[in-house]
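1. sequence? don't have it. structure:
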């Protein structure tokens, strides 16, 4: 797959959707989900203009993200408190904080590293999703995370598989307004256009950039 051509085509499609939603071109960032992709593919995407990359697993990031060109790295997997130091070391932003315990562990790790760690509150808007805080509880969690020393940039959510995606995304947008910040990370390969209509400022895309994922070998998070 020609990754550079895929990035260019995707950027054009995203900007077209953004303009159709009444916003300026370039106002929605593309996060390249590098799960199960080789480091060479990640480097190629960055060379093609990708400025944000995201991983679900700490172990995969160790093999890919150390020594990358200037780029923002995002953790997009479930936060295990015993991995807090490794996550804070490897990533610039953690998108998936859904409970105070995880946030406090990351805040301590960031303090120990002397690092400013950016975060998003993960909100559950899907009946199929195991993780994420209830939308009504997200503003209070954001306040507690900020008091702990974390920078809370906004909200992340995973759309439902089937059902009323418009209502789910509207809920995410309302929650984002209540939490505050500049980033609404909403939209993946199957639903990013709807997400943009509902105000997403970052879409998380993998196969659209890299093609199908290779068969998974066992990975320890």
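-> Okay, I see it. Since the structure is predicted, the reported quantities are computational estimates derived from the model, not experimental observations.
2. next helix or strand past the lengthiest helix in the chain?
-> The longest helix of the chain (DSSP state H) is helix 3-20. Heading C-terminal from helix 3-20, the first helix or strand you meet, by DSSP states H and E, is strand 29-33.
3. what comes into contact with that next one?
-> 7, 10-11, 14, 42, 45, 50-56, 74, 76, 185, 201-206, 209-210 (C-beta atoms under 8 Å, 6 or more residues apart in numbering). Yep, even glycine has a C-beta here, placed from its N, CA and C like the rest.
4. the residues you listed in strands, which ones?
-> 52-55, 74, 185, 202-205 (DSSP state E).
5. and the furthest pair within the residues you listed?
-> The span of those, defined through C-beta to C-beta, is set by 55 and 203 at 16.4 Å.
6. what is the burial count for residue 133?
-> When counting by other C-beta atoms under 10 Å, one arrives at 20 neighbours for residue 133.
7. can you check residue 33 too?
-> Residue 33 has 25 neighbours, counted by other C-beta under 10 Å.
8. leaving out the residues flanking it, which one is nearest to it?
-> residue 206 (3.4 Å; C-beta to C-beta, 6 or more residues apart in numbering).
9. OK, contacts around the closest residue to residue 181 other than its chain neighbours?
-> The shortest distance from residue 181 to any non-neighbouring residue, by C-beta to C-beta, 6+ apart, is to residue 154 (3.3 Å). With contact set as C-beta under 8 Å, 6+ apart, residue 154 has these partners: 120-121, 176, 179-185, 201.
10. what about those residues, which are in helices?
-> Per DSSP H, these map to helices at 176, 179.
11. for residue 81, give its distance to residue 133.
-> 16 Å (C-beta to C-beta, to the nearest Å).
12. and the residue nearest to residue 33, what does it touch?
-> Taking C-beta under 8 Å, 6+ apart, we find residue 206 in contact with 32-35, 37, 189, 213.
13. buried only: go through the residues you listed for me.
-> 32-35, 37 (16 or more other C-beta atoms under 10 Å).
14. for these, which one is nearest residue 143?
-> Closest to residue 143, out of all of these and judged by C-beta to C-beta, is residue 33, at 29.2 Å.
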